[in-house]
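J.: any chance you can model this:
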Amino acid sequence: MNEDFFARYFAALDGETPLTAMEMVDEDAEFAILWAPDEGRDAAHFLGGLPELTKFTEAGDTEGWGHRILASARIGDVELVLGETRTDDGAFIGTFVTAVELDDEGRMKRYIVGRSPGIQFKH
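T.: Predicted coordinates for the structure are as follows:
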């Protein structure tokens, strides 16, 4: 694993075939995604395993925006990221923080992410 997990995962999610990211997820994975409200959207909390993450990814509107990693750290089998979502023309959408626990094969075992448009880090 010479490339960070989230660099590969977000590249897949933001690419032409987002569902290829599910190949990086252990079949017994658990996740929680927490979104703060923004214009046109209430707060949301998504939970589940691989089937629910697959449905969430299938339902996502991934065109016109992507993930940008600002900072990351690795501690054993845990990777942490501070990042932003931005439109393809560079406009800020929101800030996210995320953590993943990886299995022995480098696949997602546990995943949590929180996202808010209410704060932007200087970089």
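J.: elements contacting whichever strand or helix holds residue 58?
T.: Using DSSP states H and E, the element containing residue 58 is helix 50-59. Counting contacts by 3 or more CB pairs under 8 Å, 6 or more residues apart in numbering; DSSP states H and E, helix 50-59 packs against strand 25-35, strand 44-48. C-betas here are computed from N, CA, C, even on glycine.
J.: out of the ones you listed, which gets nearest to residue 74?
T.: Closest approach to residue 74 among the helices and strands packed on helix 50-59 (CB to CB): strand 25-35, 17.8 Å.
J.: quick one: the helices in the protein?
T.: Under the criterion DSSP state H, helices of the chain are mapped to 5-14, 50-59.
J.: wait, which of those is closest to residue 87?
T.: helix 5-14 (11.9 Å).
J.: and the closest one, what other elements does it pack with?
T.: Judged by 3+ CB pairs under 8 Å, 6+ apart, helix 5-14 is in contact with strand 65-75, strand 78-87, strand 92-102.
J.: can you redo those strands as JSON lines with mean neighbour count, mean pLDDT and distance to residue 57?
T.: Output for these, formatted as JSON lines (neighbours: other CB atoms under 10 Å; pLDDT from 0 to 100; distance: least, CB to CB, whole Å):
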{"stretch": "strand 65-75", "mean neighbour count": "14", "mean pLDDT": "96", "distance to residue 57": "13"}
{"stretch": "strand 78-87", "mean neighbour count": "17", "mean pLDDT": "96", "distance to residue 57": "15"}
{"stretch": "strand 92-102", "mean neighbour count": "18", "mean pLDDT": "97", "distance to residue 57": "15"}
